[in-house]
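>>> the following block contains a protein sequence and its predicted model.
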Amino acid sequence: QQQVKQSPQSLIVQKGGISIINCAYENTAFDYFPWYQQFPGKGPALLIAIRPDVSEKKEGRFTISFNKSAKQFSLHIMDSQPGDSATYFCAAKGGSNFGNEKLTFGTGTRLTIIP
Amino acid sequence: EAQVTQNPRYLITVTGKKLTVTCSQNMNHEYMSWYRQDPGLGLRQIYYSMNVEVTDKGDVPEGYKVSRKEKRNFPLILESPSPNQTSLYFCASSRPGLAANNEQFFGPGTRLTVL
């Protein structure tokens, strides 16, 4: 059962353009939604994260938009640069203190920024 | 430097030959976890540990064992590896709970091939 669905699987964007990756979740107990960035040969690294009490969070060129009623969230990369070329994973974590901190991941999006 | 280290980074082995992948973190994190990453499936949790001597199964625990004798170390043990355990493995650590900075840190990964 895929609890976090991510699309598209791959994305090619021109330098300076906007990259948009979408995720949808099923479990309403999720209360933390991070995005991870992974470069080849490296482990995933936290890029930006949001909690469901806000609809948008922006850090530099990266923005998360969150729609609680639709159970969807998306990553927007403004002014995309070749250095942003990587695989991006959305994830979600359930709301329980001192429980399993498991991240449920989407299937990943391979983003390529072309000059 | 705060980090999660894994060894080995690459391993080719044969079916049935016991192996251990080590994981160590220097951030004094209580929580540690193992994930496997497979194409089209994202990352899936194998086992996790909330603290020393406290471990539990994740989503795909079959064929794996773990131990947590020290806070900093969380080895992954494959008693009798099989080809379907060929994958990219990541260790992660964090502080538990909903603290603002309980980011999950990932190691660099171990690529395992079982022939």
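Nice, thanks for sending it over.

>>> hey, let's count contacts and neighbours off CA atoms from now on
OK.

>>> neighbouring contacts of the helix or strand where A:Ile20 lies?
Using DSSP states H and E, A:Ile20 sits in strand A:19-25. For strand A:19-25, contacts defined as C-alpha atoms under 8 Å, 6 or more residues apart in numbering or on different chains pick out A:3-8, A:11, A:13, A:71-78, A:80, A:90, A:92, A:106, A:109.

>>> count the neighbours of the closest residue to chain B within chain A for me.
Scanning chain A for proximity to chain B using C-alpha to the nearest C-alpha identifies A:Thr107 as nearest, at 4.0 Å. As a burial measure, A:Thr107 scores 27 neighbours (other C-alpha atoms under 10 Å in any protein chain shown).

>>> part of a strand, is it?
No: per DSSP: H, G, I helix; E, B strand; the rest coil, A:Thr107 lies outside any strand segment and is coil.

>>> if we can go back for a sec, so which elements touch the very next helix or strand once past the strand holding A:Ile20?
Sequence order places strand A:30-38 as the next helix or strand after strand A:19-25, per DSSP H and E. If contacts are counted by 3 or more C-alpha pairs under 8 Å, 6 or more residues apart in numbering or on different chains; DSSP states H and E, strand A:30-38 sits against strand A:45-50, strand A:86-94.

>>> hey, which of those strands is tucked in deepest?
Ranked by mean neighbour count, those are led by strand A:86-94 with a mean of 24 (mean count of other C-alpha atoms under 10 Å in any protein chain shown).

>>> and it, what does it pack against?
strand A:4-7, strand A:30-38, strand A:103-105, strand A:109-114.

>>> circling back to that earlier point, so what strands line up beside the strand holding A:Ile20?
In the sheet, strand A:19-25 lines up against strand A:4-7 (antiparallel), strand A:72-77 (antiparallel) (DSSP bridges).

>>> A:Gly94 versus A:Thr87, what's the distance?
23 Å (C-alpha to C-alpha, to the nearest Å).

>>> what's near enough to touch the closest residue to chain A within chain B?
Going by C-alpha to the nearest C-alpha, chain A is nearest to B:Gly42 of chain B, at 4.0 Å. By C-alpha under 8 Å, 6+ apart, the residues touching B:Gly42 are A:89, A:105-108.

>>> do A:Gln81 as well
So A:Gln81 contacts A:15-16, A:113 (C-alpha under 8 Å, 6+ apart).

>>> tell me which residues of stretch B:14-26 come out buried.
B:21-25 (16 or more other C-alpha atoms under 10 Å in any protein chain shown).

>>> pull up the gap between A:Lys42 and B:Met32, please.
In terms of C-alpha to C-alpha, A:Lys42 sits 18 Å off from B:Met32.

>>> actually, B:Asn51.
8 Å.
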